[in-house]
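In: need a 3D model of the sequence below.
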Amino acid sequence: MTSATIASSTSPLFEKAEPSAYFTDEDYRRFHGRAAGYDRENRFFTEDFEDLRAKGYLRAAIPTELGGGGLGITALSREQRRLAYWAPATALAVNMHLYWTGPAAALTRTGVQDLGWLLNDVASGLVLAAGHGERGNDLGLDDAVTRAEPQPDGSWVVTGRKTFTSLSPVWDKLGIHARDDSDPGRPRIVHLFVDRTAAGVTTEKTWDALGVRATASDDTILENVLVPADQIVGASEIGQPYPPYIVGILQWYLPLVSNVYFGIARRALDLAELTARERSSIALPGQTHADKPAVQRQLAQGEILLDAAWSLLERTTADLDAGADHGDWWTSRLFAAKEFTVTTARQVVDLAVQVVGASAVSRANELERLYRDVRTGSLHPPNSDAILDVIGRTAVGLLP
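Out: All right, here's what the predicted structure looks like:
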């Protein structure tokens, strides 16, 4: 068996008894067959995206009465790690649409916040994306370089530059955060959706990155862009707790992005195991590298690491779906799941490369791409430094 003919993961961690609600093995093979070309050409995953749209996957987390799949965070996380196993950049990019949709459905259903207008937009086919990255902003959502000026009619005028805007060629509404300094003594962060068709919105092609190249995460420039009053989805003073929708998107974003990197690592380890079984050994006449104790130990280490990450992700999403009360530790638990998973994924891919040997760094080997793709995991906000700071301060009681 070769990597090109694998029909499904060799690992039980992919819930073989619970197939995808959206994709067949043939779909996955098609996604996988395009991934190397997208990466090589630094090209947006146009064909994959149209397939995802046609399958209804962009509506996976919106209510069934709106034509969606009604998936919770656990089910959608499993879909994402399966998709990432075959096409990492495709999964990562569509993630930046999906994580807006789940919490919008939950908050609307529970009456906490009416985001029905946004759900209807998604149901009608509009694509959401995230505009939170900014040059020079090392505080993430806690501050912003982009500025928002309130207008007498309740609308806003936004000016700034957003970096790493995944889905740049196709998004219709960009969720952003910006700083409101209209009251000098009480600066606020406002969260809004910018329409792509609004005057002053342009895309600057900047994306030519190490890995996950098909995401087309170009810069978005906002020059005096008018945002209607009804497209603000939250606001809070700097240093105060996030608004409900922003808390919600973090609760979906962190597990979803973590599962993408889990899928990358699972694929890499499966490839290493297959290669070890196929690669003959001169040192062990008539046997393969899979018969070497050193190789078995490396693969065992990888399996243990992935099992631990899988268990943490499954528990985290199950608790979210069940509404478990972890009090002040909820943010730290979510941060810990992200940090542990992306760090573990990188370790597992490195082990896979060691097992396969020098051929793993050849551009002809899928592992070379996975080795690059997995590197971006720790760079997604919050990064490792921010995560450890929050967890550490929570542990010693210094967070408000």
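In: so where's the stretch 201-350 of the chain uncertain?
Out: Nowhere does the stretch 201-350 of the chain drop to pLDDT under 70.
In: tell me where it has strands.
Out: With DSSP state E, counting those that start in this stretch as the criterion, the stretch 201-350 of the chain has strands at 201-204, 218-227, 232-237.
In: highest average neighbour count across those strands?
Out: strand 218-227 (a mean of 19; mean count of other Cβ atoms under 10 Å). (Each C-beta comes from the backbone N, C-alpha and C, glycine too.)
In: so which elements touch that strand?
Out: Applying 3 or more Cβ pairs under 8 Å, 6 or more residues apart in numbering; DSSP states H and E, one finds that strand 218-227 contacts strand 156-165, strand 188-195, strand 201-204.
In: contacting residues around the residue minimising distance to the centre of the chain?
Out: The residue lying closest to the centre of the chain (Cα atoms, centre = their mean) is Val257, at 3.0 Å. Val257 sits next to Leu92, Asn95, Tyr99, Lys338, Gly377, His380 when contact means Cβ atoms under 8 Å, 6 or more residues apart in numbering.
In: nearest residue to the fifth one in space, please, no chain neighbours.
Out: The shortest distance from Gly377 to any residue that is not its chain neighbour, by Cβ to Cβ, 6 or more residues apart in numbering, is 3.2 Å, and that residue is Val342.
In: also the second one?
Out: For Asn95, ignoring the flanking residues on the chain, the nearest one in space by Cβ to Cβ, 6+ apart is Leu256 at 5.1 Å.
In: if I read this right, the one you found contacts Gln80, doesn't it?
Out: Yes. Leu256 lies in contact with Gln80 (Cβ atoms under 8 Å); the separation is 5.4 Å.
In: of the two, give the one with the bigger neighbour count.
Out: Shown here are Leu256 and Gln80; by other Cβ atoms under 10 Å, Leu256 has more neighbours (28 against 25).
In: and the residue of the chain positioned farthest from its centre, how close does it get to Gly136?
Out: For the chain, the residue at maximal distance from the C-alpha centroid (Cα atoms, centre = their mean) is Pro285, at 45.0 Å. Distance of Pro285 to Gly136, given as Cβ to Cβ, to the nearest Å: 61 Å.
In: quick revisit: OK, contacts around the residue nearest to Gly377?
Out: Listed by Cβ under 8 Å, 6+ apart, the contact partners of Val342 are Ser258, Tyr261, Val374, Gly377, Ser378, His380.
In: closest to Trp117 out of the helices and strands packed on strand 218-227?
Out: Minimum separation from Trp117 across those (Cβ to Cβ) falls at strand 188-195, 9.6 Å.
In: pLDDT of the closest one, averaged?
Out: Averaged across strand 188-195, the pLDDT comes to 98.
In: quick one: strands adjacent to it?
Out: In the sheet, strand 188-195 lines up against strand 173-180 (antiparallel), strand 232-237 (antiparallel) (DSSP bridges).
In: alpha carbons only: can I get it in CSV?
Out: As requested, the backbone C-alpha atoms of strand 188-195 are provided in CSV (Å, rounded to 0.1, in the frame of the first residue of the first chain):
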residue,chain,number,x,y,z
ARG,A,188,-13.0,50.4,23.7
ILE,A,189,-12.6,47.5,21.4
VAL,A,190,-15.5,47.2,18.9
HIS,A,191,-16.2,44.0,16.9
LEU,A,192,-17.8,44.5,13.5
PHE,A,193,-18.4,42.8,10.2
VAL,A,194,-17.1,44.7,7.1
ASP,A,195,-18.7,44.1,3.7
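In: and the angle from it to strand 218-227?
Out: Taking axes from the mean of the first three to the mean of the last three Cα atoms, to 10 degrees, one finds that strand 188-195 is oriented at 100 degrees with respect to strand 218-227.
In: how about the helices of the protein, start to end?
Out: For the chain, the helices defined by DSSP state H occupy 25-41, 46-54, 73-86, 88-110, 116-123, 244-278, 293-322, 330-356, 366-373, 384-395.
In: right, so of these, which gets closest to Ala198?
Out: Nearest of the helices of the chain to Ala198, taken as Cβ to Cβ: helix 116-123 at 14.5 Å.
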